[in-house]
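J.: got a sequence here, can you build the structure:
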Amino acid sequence: MAMPLAVRREFFSWADEALRQPIPQETVAFHFNLYQGTNSVHVQLMGTASFNSGDQYWPGPKTFSTGEGIFKVPFESAGAEWPEWLETLKSLVNAYIESGNMSTVLKKSQGVGIGFVDGYMYGLWPTPAA
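T.: Here you go, the predicted structure:
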């Protein structure tokens, strides 16, 4: 599903703001938590104290979080069900890693992951080996 340009711009702005905040020194990686809301997929950015890039990716201990400062992607932009939401959000975060204003903060880390808080987690950067 193609992400509407307005949602993409708003997400990039949200991520820029989140990554401009002071990042705790113990932060070595980043993770985008996904939650199902009533009408949208909620995205929360957190820093982690470790990064496991293996097949069993799981975010390390949290060093900081955007907390209640979440980004909401409406279901009509994210897709019909969670598998589509995941793919849509993976594409959106990958686009940010590639060209976001503050993407160097992410790229200087050991890695970036994404996943639903109830279990499905994926490493995004560095690009997992095929």
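
J.: from here on, just use CA atoms for contacts and neighbour counts.
T.: OK.

J.: give me the element the closest residue in space to residue 68 that isn't next to it in sequence is part of.
T.: Nearest non-adjacent residue to residue 68, counting by CA to CA, 6 or more residues apart in numbering: residue 44, 7.9 Å away. Taking DSSP states H and E as the definition, residue 44 sits inside strand 40-48.

J.: average pLDDT for that strand?
T.: Regarding strand 40-48, the rounded mean pLDDT is 96.

J.: next one: stretch 63-75
T.: pLDDT averaged over stretch 63-75 gives 96.

J.: picking that back up, elements contacting the strand holding residue 44?
T.: strand 29-36, strand 62-65, strand 71-74, helix 75-78 (3 or more CA pairs under 8 Å, 6 or more residues apart in numbering; DSSP states H and E).

J.: can you read off the pLDDT for the residue nearest to the spatial centre of the chain?
T.: For the chain, residue 32 is the residue whose C-alpha lies nearest the centre (CA atoms, centre = their mean; 2.8 Å). Here the pLDDT value assigned to residue 32 is 96.

J.: could you check how far it is from residue 65?
T.: 10 Å (CA to CA, to the nearest Å).

J.: identify the contacts common to these two.
T.: 44-46 (CA atoms under 8 Å, 6 or more residues apart in numbering).

J.: contact partners for the residue nearest to the centre of the chain?
T.: Counted by CA under 8 Å, 6+ apart, residue 32 has contacts 43-46, 112-115.

J.: neighbour-wise, which of the residues you listed leads?
T.: residue 112 (28 neighbours; other CA atoms under 10 Å).

J.: gap between that one and residue 104?
T.: Noted for residue 112: a distance of 12 Å to residue 104, by CA to CA.
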